[in-house]
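Colleague: need coordinates for the below:
(one chain, ligands or ions: 1)
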Amino acid sequence: MALTASETDDKPMNPTPARPVPIPTAETAHYWGAALEGTLKIQYCPACARHQFYPRRFCTDCLSEEIVWVPASGSGRIYTYTVCHVAGHPAFEAHVPYAIGLIELDEGVRMLAGIVASDLGHLAVGARVEVCFERVSSEIALPMFRLTGGDRVAADRTDRPDHT
Ligand SMILES: [Zn+2]
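Modeller: Down below sits the predicted model:
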């Protein structure tokens, strides 16, 4: 059977799947709501005066359920990172290479996030970073991090532990 013209249009056989986006849960809804408004929030336990991330219903140290949400400084340093040259999902193939890192916020908690930089060669363990947000849907803005003061300045200003 012959194909009609509409069946032979140059539509890709396998269109790129949509980018996966986080789905807020009861524990994370406040976090994602704040991120959508451009604020990075983390949980704080007044009973033991410590922050925690990721969001949970109770303090993982004293088990108190009286935890509160507080704005985070949004500042920290790269604890570790990797540059992905092979996309972990087809939707990211157009974005390689891209960086993913474990960011240690000044509040002491660590969070996994994307790191944006005009030159990924400027990234370094210990480099200071600040939060920024990437809107990926009408409901989700992803906290991302960028080098504080711009790529070049930050690369020269790492605060790695002194091993001397
Ligand atoms: Zn606690």
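
Colleague: please list the residues of the chain that sit near the ion.
Modeller: Residues of the chain found near the ion (Cβ under 5 Å from the ion) are 45, 47-48, 59, 61-62, 64. For every residue, glycine as well, the C-beta is placed using N, CA and C.

Colleague: if you set the cut-off to 8 Å instead, what comes out?
Modeller: 45-50, 59-64, 67 (Cβ under 8 Å from the ion).

Colleague: show me how to select, in PyMOL, the buried members of these.
Modeller: Command for PyMOL that selects the buried part of the residues of the chain next to the ion, burial taken from 16 or more other Cβ atoms under 10 Å:
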select buried, resi 45+50+59+67
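
Colleague: helices along this structure, start to end?
Modeller: 29-36, 151-155 (DSSP state H).

Colleague: looking at these, which has the lowest confidence?
Modeller: Of all the helices of the chain, mean pLDDT reaches its minimum on helix 151-155 (a mean of 56).

Colleague: centroid residue for this structure?
Modeller: Taking Cα atoms, centre = their mean, the centroid of the chain lies closest to residue 113, which sits 2.5 Å from it.

Colleague: tell me how far that residue lies from residue 130.
Modeller: To residue 130, residue 113 is 12 Å away according to Cβ to Cβ, to the nearest Å.

Colleague: do me a favour and get the end-to-end distance for stretch 63-80?
Modeller: When the termini of stretch 63-80 are compared using Cα to Cα, to the nearest Å, they are 29 Å apart.

Colleague: an error on my part: the question was meant for stretch 50-70.
Modeller: 11 Å.

Colleague: ok, now stretch 111-124?
Modeller: End residues of stretch 111-124 are separated by 16 Å (Cα to Cα).
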